[in-house]
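Chemist: when you get a sec, could you give me coordinates for this:
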Amino acid sequence: MIVSPCISICKSDPKTGYCYGCGRSNEEKKIWKHEETSDQWKKDNIETIKKRLTVWQLKNFEESYTYKIKNGISLLKKSKK
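Modeler: So this is what the prediction gives:
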């Protein structure tokens, strides 16, 4: 199973439409939720979104996403507990 790249920073850039936190479009977010979406599509999508993120966004995304994979919760949600 591929963990969703959502890192709980759900705010879209009005110009690009991409989420500031995970770099996905609204359409990509919907595709992630479909049962029939393949793990390969998800892996490819993660690589695509990493290319969209600026240097500081990518650093924050990778830190939070790695934490989420290991602990089951994003850093933002952890800090709100």
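Chemist: my read is residue 49 is in a strand, agree?
Modeler: No - per DSSP: H, G, I helix; E, B strand; the rest coil, residue 49 lies outside any strand segment and is helix.
Chemist: how close does the nearest residue to residue 50 once chain neighbours are set aside sit to residue 33?
Modeler: Nearest non-adjacent residue to residue 50, counting by Cβ to Cβ, 6 or more residues apart in numbering: residue 58, 6.1 Å away. C-beta: built from backbone N, CA, C; applies to glycine. To residue 33, residue 58 is 24 Å away according to Cβ to Cβ, to the nearest Å.
Chemist: mind naming the longest helix for the protein?
Modeler: As assigned by DSSP state H, the longest helix anywhere in the chain is helix 55-71.
Chemist: just to revisit the earlier point, who has more neighbours out of residue 58 and residue 33?
Modeler: residue 58 (15 against 8; other Cβ atoms under 10 Å).
Chemist: this structure: strands as residue ranges?
Modeler: Counting by DSSP state E, the chain has no strands to list.
Chemist: okay, and the helix or strand of it with the least pLDDT?
Modeler: helix 75-79 (a mean of 78; mean pLDDT, DSSP states H and E).
Chemist: sketch out the low-pLDDT regions of this structure for me.
Modeler: For the chain, the stretches flagged by pLDDT under 70 are 81.
Chemist: how about a cut-off of 90?
Modeler: Scanning the chain for pLDDT under 90 picks out the ranges 1, 74-81.
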